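K.L.:
Quick one, what's the 3D model for this:
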Amino acid sequence: MKVQKVIYSIAIACFILTGCKTEVKKEVKKENVSLAISGMTCEIGCAKTIQSKLSKKEGVLNAKVVFTDSIANIEFDANKTSKKDLIAFVSGIAGGELYKASETTNKVNSSKKASSCSDACKEKCDMKADKMECKKDCEMACSKDKKA
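P.N.:
Below you'll find the predicted structure:
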């Protein structure tokens, strides 16, 4: 009889302990931020890499990096990450030596016209040593975007 009471007591205790667990799910608190990113030199190697790493970061819901404007538009869950964390994350990609991110009020629509694409790209090229080669790359990239 005593053994039976002990077994029932243990069984009831197990049911109470496992049944009383309640999961508290936090609601997603969506926020958006646009980051100006300096140091990107190409669309595939830089912009796509940053976008890919941002997309995998915990708390990031959506990330779009527009190379021609050097801007990242990020939608994130404010319960899991913050603007400050995202800026530090982007600045820390590639060992923290290549990219610098800062918050900007500019939001870029990725479906901009090709002329603004080439203008923004050519402005960046003016700061580079091999300006002509850079401008040719920009024209090819923008005409490719125009067809898509």
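
K.L.:
So which bits of the helix or strand hosting Leu86 are buried?
P.N.:
Assigned by DSSP states H and E, Leu86 falls within helix 83-92. Using 16 or more other CB atoms under 10 Å as the test for burial, helix 83-92 gives 83, 86-87, 89-91. For the C-beta atoms, the positions are set from N, CA and C on the backbone; glycine is no exception.

K.L.:
Now do the strands in this structure.
P.N.:
30-38, 60-66, 71-77, 100-104 (DSSP state E).

K.L.:
taking the ones you listed together, which one is wrapped up most tightly?
P.N.:
With neighbours taken as mean count of other CB atoms under 10 Å, the strands of the chain reach their highest mean count in strand 71-77, at a mean of 21.

K.L.:
neighbouring strands for that strand, and are they parallel or not?
P.N.:
Applying DSSP bridges, strand 71-77 is found paired with strand 30-38 (antiparallel), strand 60-66 (antiparallel).

K.L.:
Let me know which of the strands of the chain is the nearest to Ala47.
P.N.:
Among the strands of the chain, the nearest to Ala47 by CB to CB is strand 60-66 (4.5 Å).

K.L.:
contacting residues around the closest one?
P.N.:
Contacts to strand 60-66, defined as CB atoms under 8 Å, 6 or more residues apart in numbering, come from residues 28, 30, 37, 47-48, 50-51, 54-55, 71-77, 81, 86, 108, 110.

K.L.:
Just the angle for that strand relative to helix 83-92, thanks.
P.N.:
On the basis of axes from the mean of the first three to the mean of the last three CA atoms, to 10 degrees, strand 60-66 is oriented at 50 degrees to helix 83-92.

K.L.:
State the pair within the buried residues of helix 83-92 that is farthest apart.
P.N.:
Across the buried residues of helix 83-92, no pair lies farther apart than Lys83 and Ser91, at 12.5 Å, counting by CB to CB.

K.L.:
where do the helices sit along this protein?
P.N.:
Along the chain, counting by DSSP state H, helices occupy 2-19, 48-56, 83-92, 114-125, 131-147.

K.L.:
need the buried residues of helix 83-92 in TSV with distance to Tyr99 and pLDDT, can you?
P.N.:
As requested, the buried residues of helix 83-92 are exported to TSV (distance: CB to CB, whole Å; pLDDT from 0 to 100):
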residue	distance to Tyr99	pLDDT
Lys83	16	92
Leu86	12	93
Ile87	10	93
Phe89	10	94
Val90	6	92
Ser91	6	91
